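Undergrad: okay, sequence plus prediction incoming.
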Amino acid sequence: MHRSCTPAPRLRRPAGARRSGSIHRRRWARRLLGFALLPGAAGASGGIDAIGVEFENDLFAGVDRYYTNGVRVSWIRSGDGTPAWLHTVADWVPVFVRPEVRGRIKSGAGLGQNMYTPEDLERDPPDPQDRPYAGWLHLNANLAEDTGYRLDRLQITLGIVGPASLAARTQEFVHDVTGSPDPAGWDAQIGNEVTLMVGYERQLRSHASANDSGWGTDLTPHWGASVGSPFTFANTGAIARAGYQLPRDYGPPRIGPGLPGSYTVPGLLRSGGYVFAGVDARLMLFDLFLDGPVFRDGPSVNKYPLIGEFTAGFVMNVRTLRLGYTHVWRSREFQGQATGPIEFGTLHATWQF
């Protein structure tokens, strides 16, 4: 019997089945990406809300010692730009506002580098009674809730201290470019060690007042704590602001540990600015850069457990671009430190989308 050469029809999966699987896989891929990079995850709508940059350096005080340099770049999303699953996480955070009166949820991540040196950069080996050489490369992820008058923020910071932080190379390069004396003691810096720190802080905008012409004032107390390495501390303080068209923020951002601030401001479309002054008191239980590393031997000095800090500066915004400067006076941090406060300045810029 002659058989037909016509091939039998292939069984096809239901229409949309392959596409559904592909969509499902893409969704999981986005979730994994969102877990690794909080601000980069796809949200309900919108995209990047703000990019912030801080540069802290003691050159603004005319010295080159102790906390000598810090830089951080941050990426922040808020509102609908925040991944939906982070809104669910926020519902379970006990320190946040109840879900039925939920504020604006924010998520962000930042990459930064801090640098610490003794007073005498040309001494080799360094004075064992002076602050040790140390560098810290750090990546932080944070989740915050902003009601307009209250900001709660949780932050996890992962980093590394030691030669792997690249602080020695950074300072040597900058000193070569600027013609400054070469730092001689980086071979004695604190060795490589991974750090992990969890922190929480709350800020409350209070006593806010404004007149019909747009001039206003407010006071923002804050308190918080961080646990882990390189810092374990509790702090409290306040910042007072006065200016024109005061944005509903919480002061300028700072690289920690320091007076907290904020990046994104809802409805920031009017130009304005303000001057400010703030105080912060910290009970420093552990400071790796003074107490020495956790898991290995290394240089250390005797620290003072109670630290006071005074800040003053200005902030100006032109529509969605915010610029500011903060000058910091910090009390002595360790025994044997040169007299007088630690001084440095902070420049910050935020571009809000």
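TA: Yep, that arrived. Numbering: from 1, shown residues only.
Undergrad: which residue ranges of the stretch 201-350 of the chain form helices?
TA: With DSSP state H, counting those that start in this stretch as the criterion, the stretch 201-350 of the chain has helices at 288-291.
Undergrad: low-confidence ranges, it, go.
TA: Residue ranges of the stretch 201-350 of the chain with pLDDT under 70: 258-260, 263-269.
Undergrad: what about 90?
TA: Applying pLDDT under 90 to the stretch 201-350 of the chain flags the ranges 206-208, 210, 212-214, 245-249, 251-254, 256-272, 317-320, 336, 338-341.
Undergrad: where do the strands sit along it?
TA: 206-210, 215-228, 231-244, 272-287, 306-318, 321-330, 342-352 (DSSP state E, counting those that start in this stretch).
Undergrad: so who does the closest residue to Q335 other than its chain neighbours touch?
TA: Nearest residue to Q335 in three dimensions, chain neighbours excluded: N302, at 4.4 Å (Cβ to Cβ, 6 or more residues apart in numbering). To be clear about C-beta, it is placed using only N, CA and C from the backbone, and glycine gets the same treatment. Residues in contact with N302, defined by Cβ atoms under 8 Å, 6 or more residues apart in numbering, are 334-336.
Undergrad: I'd like to know which of those are buried.
TA: Applying 16 or more other Cβ atoms under 10 Å to the contacts of N302, the neighbour count classes F334 as buried.
Undergrad: mind putting the contacts of N302 into a markdown table with distance to T217?
TA: Formatted as a markdown table, these follow (distance: Cβ to Cβ, whole Å):
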| residue | distance to T217 |
| --- | --- |
| F334 | 37 |
| Q335 | 40 |
| G336 | 41 |
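Undergrad: and which of the contacts of N302 is nearest G308?
TA: Each of the contacts of N302 was checked against G308 using Cβ to Cβ; the closest is F334, at 14.3 Å.
Undergrad: wait, doesn't that closest one sit right on I307?
TA: No - using Cβ atoms under 8 Å, F334 is not in contact with I307; the gap is 10.2 Å.
Undergrad: ranges for the strands of the stretch 1-150 of the chain?
TA: All strands of the stretch 1-150 of the chain, identified by DSSP E, counting those that start in this stretch, fall at 50-57, 66-78, 104-117, 134-146, 150-161.
Undergrad: which strands or helices does the second one pack on?
TA: Applying 3 or more Cβ pairs under 8 Å, 6 or more residues apart in numbering; DSSP states H and E, one finds that strand 66-78 makes contact with strand 50-57, strand 104-117, helix 167-178, strand 342-352.
Undergrad: repeat that for 10 Å
TA: strand 50-57, strand 104-117, strand 134-146, helix 167-178, strand 321-330, strand 342-352 (3 or more Cβ pairs under 10 Å, 6 or more residues apart in numbering; DSSP states H and E).
Undergrad: tell me the average confidence for the shortest one?
TA: The predicted model assigns strand 50-57 a mean pLDDT of 93.
Undergrad: so which bits of that strand are buried?
TA: Result for strand 50-57 [16+ other Cβ under 10 Å]: buried residues 50-52, 54-57.
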